[in-house]
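Colleague: Provided below for reference: sequence and predicted model.
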Amino acid sequence: MTQPSCTGPRIGLGFDLHRLEEARPCRLGGITLDHPAGHSDGDAVLHAVTDALLGAAGLDDIGTLFPDTDAANKDQDSAVFIQAAIDAIQKEGYRIGNVDIVIATEGPRIAPSRPAMRERLAELLGIPTNAVNVKGKTLEGMGALAKGAGVAVQAICLLMPKR
């Protein structure tokens, strides 16, 4: 028996974690921060948002579409992943309503870069800046990430049917 398709609003959750490495620049939310980074361009924010978008549309995740075992994805600009996700959700008949992002790290401070991140994310996603929220959280001294060794990002998005 065929299930009816979901035609209402849909919510997606994305998560990404990256080790921060001294030899690489740190990119978060589409901007470069003065701190080291990880695989592809290391933009855990764009990776988490990509997964949230794909998940909301019921599509494969970023690791399936852009595996880190494919040499073509090493040092790749994560904006490519975002655009692929946007194209895919539009084909499914959806548009982005909003995104909300939490960046947890003891590494780079998020607050000074928050406005630039929101603007860049809004530009990449094709939505107003006030439809993008970015929050930075410290880890209160717990675990390896708390020593500035990495960054963890959680993103949630709302997809709305195209009108």
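Modeller: Yep, it's here.
Colleague: contacts, neighbours, all on C-alpha from now
Modeller: Will do.
Colleague: I would like the residues contacting stretch 80-92, please.
Modeller: 46, 47, 49, 50, 53, 54, 57, 62, 66, 95, 124, 125 (Cα atoms under 8 Å, 6 or more residues apart in numbering).
Colleague: what comes up buried for that stretch?
Modeller: Applying a neighbour-count criterion of 16 or more other Cα atoms under 10 Å, the buried positions in stretch 80-92 are 81, 82, 84, 85, 86, 88, 89, 90.
Colleague: so what secondary structure elements neighbour the strand or helix carrying residue 50?
Modeller: Take DSSP states H and E as the rule and residue 50 turns out to sit in helix 44-56. The contact analysis (3 or more Cα pairs under 8 Å, 6 or more residues apart in numbering; DSSP states H and E) places helix 44-56 against strand 10-19, strand 21-28, helix 62-65, helix 79-91, strand 94-104, strand 150-161.
Colleague: how about stretch 92-105 as CSV, C-alpha atoms only?
Modeller: Backbone C-alpha positions of stretch 92-105 (Å, rounded to 0.1, in the frame of the first residue of the first chain) are rendered in CSV as follows:
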residue,chain,number,x,y,z
GLU,A,92,10.5,18.1,-3.7
GLY,A,93,8.2,21.2,-3.6
TYR,A,94,9.5,22.9,-0.5
ARG,A,95,11.1,26.2,0.4
ILE,A,96,13.1,27.1,3.5
GLY,A,97,11.1,28.8,6.3
ASN,A,98,13.9,29.3,8.9
VAL,A,99,17.0,27.8,10.4
ASP,A,100,18.2,27.8,14.0
ILE,A,101,21.8,26.8,14.8
VAL,A,102,23.7,26.1,18.0
ILE,A,103,27.5,26.0,17.9
ALA,A,104,29.2,24.4,20.9
THR,A,105,32.9,24.9,21.3
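Colleague: roughly how far is that stretch from the heart of the chain?
Modeller: In terms of Cα atoms, centre = their mean, to the nearest Å, the centre of stretch 92-105 is found 8 Å from the chain centre.
Colleague: Equivalent analysis for stretch 67-80, please.
Modeller: Centre to centre, stretch against its chain (Cα atoms, centre = their mean), the figure for stretch 67-80 is 14 Å.
Colleague: Let me know the average pLDDT across it.
Modeller: The predicted model gives stretch 67-80 an average pLDDT of 86.
Colleague: start to end distance for that stretch?
Modeller: Taking Cα to Cα, to the nearest Å as the measure, stretch 67-80 stretches 13 Å from start to finish.
Colleague: give me the low-pLDDT residue ranges for this structure?
Modeller: 1-6, 21-26, 31, 34-41, 143-148 (pLDDT under 70).
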